[in-house]
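Engineer: let's see this in three dimensions:
(one chain, ligands or ions: 2)
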Amino acid sequence: AARRNPTFICQNCGAVTNRWQGKCESCGEWNTIVEETSALDRPVSGRPSRKGRVFALEPLTGETPNAPRLSSGIAELDRVTGGGFVRGSVLLLGGDPGIGKSTLLIQASAALARSGHRSVYVSGEEAVAQVRLRAERLGLASAPVELASETSVEDIIATLSEGQVPKLIIIDSIQTMWTDTVESAPGTVTQVRSSAQALIRFAKRCGAAVILVGHVTKDGQIAGPRVVEHMVDAVLSFEGEGSHQFRILRALKNRFGPTDEIGVFEMTGIGLREVANPSELFLSERNLGAPGTAVFAGMEGTRPVLVEMQALVAPSSLGTPRRAVVGWDPSRLSMLIAVLDAHCGVRLGQHDVYLNVAGGLRINEPAADLAAAAALVSSLAESPLPSEAVYFGEISLSGALRPVSHRPSRLREAGKLGFSAAFAPESARADPDSGGTVRVNVVSALHDLVATIA
Ligand code: TYD
Ligand code: MG
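Structural biologist: Ligands and ions are numbered 1, 2, ... in the order given. Below you'll find the predicted structure:
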């Protein structure tokens, strides 16, 4: 056989180079480049080129049937997928090892199996006995899920092609799968990509919903599921802070639904419990009367979520003061510090600043600016904020507040949880009665708020 040229593939991002390098020029990760026998430049052998088939072109208008959905039986999961798994589609569930991916999916497959849908759970990581043991611990042992401990994609497809087509197929995890069609070792980018490709083709052909589990890892030896992300229909990420029991499910990509909804779970001794009212959960450990904390009335997709933002400001002993942020965008913090300095006379240049979003939630909304600023100023002044108030509003570089969307929902949620006041920008539109029991203190510029914090 002719000797193939070696190909070097970054195990993190999938970039291909023709020589080994310590650092991937594409994604910047170190020690991720591995030599692989390339599947890319191999000609498709034995298939003569043929004349193309003629197909009909369609107009822009026409019927768009709704994607056929399969409810997972777990409302928080359905919320994130956009109403359930889509038949013939492939979803990637990513997350750190140990975060609870297998637990979530055994619960989902058990719920589907119990409602009469054929569900197959293929584990490449655990023996059947281990999966059984977990199911038993979760009280799901009686659910008619069909289990296998297999890693050969060809064997899996051959097995699942027999008999009734499964409605749901779980592959846990894609990094453990391998296919005969490529020579690289399991776990390499080429194997992960080819295995995913075969499973995706199978899903489209048989109409099953296929879920691939992907471990996110910094370890360069194992291919990150990043290479699979652009191949699948949806990418969900399961996240959580090590010290918290809360788990947040988020859609990073979704061809069939929204990407801004989150699902909230709590990891308990008997599996993942759905949290239907996240605000209650995120506020359950509130430090009432402590300086440096402000409750942010936020939105996650269509759902309002109240969460505590915690700041700690202290004189720095370092030449360059420390800035540390958990759950929020560090560049937003830098901007806030600059605006507080330039427009409000609040000087944090010689202070270490720590900002934390309670409960392990990650906030992407600019509307959190006002709550973050309130927490910072409150910490600096060592003066607690009124405990019955919530804060929201986007701050511009001039220190002015911009109107935010979903103001009525935010105020209603605050009222429901017993808050009686809100510091918020003027509404873009008139919404006089929306707040209900919550009195709105209109903040039009950041220094107005700073002046109220002694
Ligand atoms: P797991 O679903 O195996 O994580 P992943 O598949 O993402 O690697 O979850 C593992 C962790 O969850 C492990 O630390 C134990 C914990 N756990 C519970 O706390 N309660 C439970 O009921 C189960 C099944 C797991
Ligand atoms: Mg697992």
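
Engineer: from ligand 1, how far off is Phe204?
Structural biologist: Check again: residue 204 is Lys, not Phe. Lys204 sits 26 Å away from ligand 1 when distances are taken as C-beta to the nearest ligand atom, to the nearest Å. All C-beta atoms are positioned from the backbone trio N, CA, C, and that covers glycine.

Engineer: how far does the helix or strand that contains that residue sit from the chain's center?
Structural biologist: Lys204 is part of helix 189-206 when elements are defined by DSSP states H and E. Put simply, helix 189-206 sits 23 Å off its chain's centre (C-alpha atoms, centre = their mean, to the nearest Å).

Engineer: buried residues of that helix, list them for me.
Structural biologist: 189-200, 202-203, 206 (16 or more other C-beta atoms under 10 Å).

Engineer: what helices or strands is that helix leaning on?
Structural biologist: Secondary-structure packing of helix 189-206 (3 or more C-beta pairs under 8 Å, 6 or more residues apart in numbering; DSSP states H and E): strand 7-10, strand 33-36, strand 90-95, helix 153-160, strand 209-215, helix 226-229.

Engineer: among those, which comes closest to ligand 1?
Structural biologist: Closest to ligand 1 of the helices and strands packed on helix 189-206 is strand 90-95 (C-beta to the nearest ligand atom; 5.5 Å).

Engineer: flag every residue of the stretch 151-300 of the chain that's near ligand 1.
Structural biologist: By C-beta under 6 Å from any ligand atom, the residues of the stretch 151-300 of the chain that approach ligand 1 are Met267, Gly269, Ile270, Gly271.

Engineer: quick revisit: nearest to Gly359, out of the helices and strands packed on helix 189-206?
Structural biologist: Across these, Gly359 has its closest neighbour in strand 90-95 (17.2 Å, C-beta to C-beta).

Engineer: near ligand 1 at all, the closest one?
Structural biologist: Yes: counting by C-beta under 6 Å from any ligand atom, ligand 1 has neighbours in strand 90-95: Gly95.

Engineer: now that strand against strand 209-215, angle please.
Structural biologist: Here strand 90-95 runs at an angle of 30 degrees relative to strand 209-215 (axes from the mean of the first three to the mean of the last three C-alpha atoms, to 10 degrees).

Engineer: strand 90-95 - what's its average pLDDT?
Structural biologist: Mean per-residue pLDDT for strand 90-95: 94.

Engineer: which one of the residues of the stretch 151-300 of the chain next to ligand 1 is nearest Pro65?
Structural biologist: The nearest member of those to Pro65, counting by C-beta to C-beta, is Gly271 at 35.1 Å.

Engineer: what is the nearest of the residues of the stretch 151-300 of the chain next to ligand 1 to Ala158?
Structural biologist: Nearest to Ala158 among those is Gly271, at 31.9 Å by C-beta to C-beta.

Engineer: so which residues of this protein form helices?
Structural biologist: Remark: helices assigned in the chain by DSSP state H are 75-81, 101-114, 128-137, 153-160, 189-206, 226-229, 278-282, 330-344, 369-381, 407-416, 446-452.

Engineer: quick one: contacts of the third one?
Structural biologist: Pointing back at helix 128-137 there. Contacts with helix 128-137, where a contact means C-beta atoms under 8 Å, 6 or more residues apart in numbering, come from 102-103, 106, 110, 121, 123, 141, 143, 145, 147-149, 270-271.

Engineer: which residues touch Ala454?
Structural biologist: Ala454 sits next to Ala381, Ser383 when contact means C-beta under 8 Å, 6+ apart.

Engineer: run the last query once more with 10 Å
Structural biologist: Ser378, Ala381, Glu382, Ser383 (C-beta atoms under 10 Å, 6 or more residues apart in numbering).

Engineer: so which of the residues you listed is the most crowded?
Structural biologist: Sorting these by how many neighbours each has (other C-beta atoms under 10 Å) puts Ser378 first, at 21 neighbours.

Engineer: that one touches Ala294, doesn't it?
Structural biologist: Yes: using C-beta atoms under 10 Å, Ser378 makes contact with Ala294 at a distance of 6.7 Å.

Engineer: name the residues contacting each of these two.
Structural biologist: Both Ser378 and Ala294 are in contact with Ala311, Pro384, Leu385, Ile453, where contact means C-beta under 10 Å, 6+ apart.

Engineer: what pLDDT does the closest residue to the last one other than its chain neighbours get?
Structural biologist: Think Ile453. Among residues not flanking Ile453 along the chain, Val377 sits closest, at 5.0 Å (C-beta to C-beta, 6 or more residues apart in numbering). Looking at Val377, its pLDDT stands at 97.

Engineer: give the burial count for Val377, as a bare number.
Structural biologist: Residues within reach of Val377, counting by other C-beta under 10 Å, total 27.

Engineer: what does Ala251 give?
Structural biologist: Neighbour count for Ala251, taken as other C-beta under 10 Å: 23.

Engineer: repeat for the one 3 residues further on
Structural biologist: Per other C-beta under 10 Å, the neighbour tally for Asn254 reads 20.

Engineer: report the mean confidence score over the helix holding Lys204.
Structural biologist: Per-residue scores along helix 189-206 average to 93.

Engineer: could you do stretch 21-31 as well?
Structural biologist: In this model, stretch 21-31 has a mean pLDDT of 84.

Engineer: ranking the helices of the chain by burial, who's on top?
Structural biologist: Of all the helices of the chain, helix 369-381 has the most neighbours on average by mean count of other C-beta atoms under 10 Å, namely a mean of 26.

Engineer: starting at the chain centroid, how far to it?
Structural biologist: Centroid separation for helix 369-381 versus its chain: 27 Å, with C-alpha atoms, centre = their mean.

Engineer: how about stretch 438-454?
Structural biologist: The chain centroid and the centroid of stretch 438-454 are separated by 33 Å, computed with C-alpha atoms, centre = their mean.

Engineer: ends of it, how far apart?
Structural biologist: Stretch 438-454 has an end-to-end distance of 23 Å (C-alpha to C-alpha, to the nearest Å).
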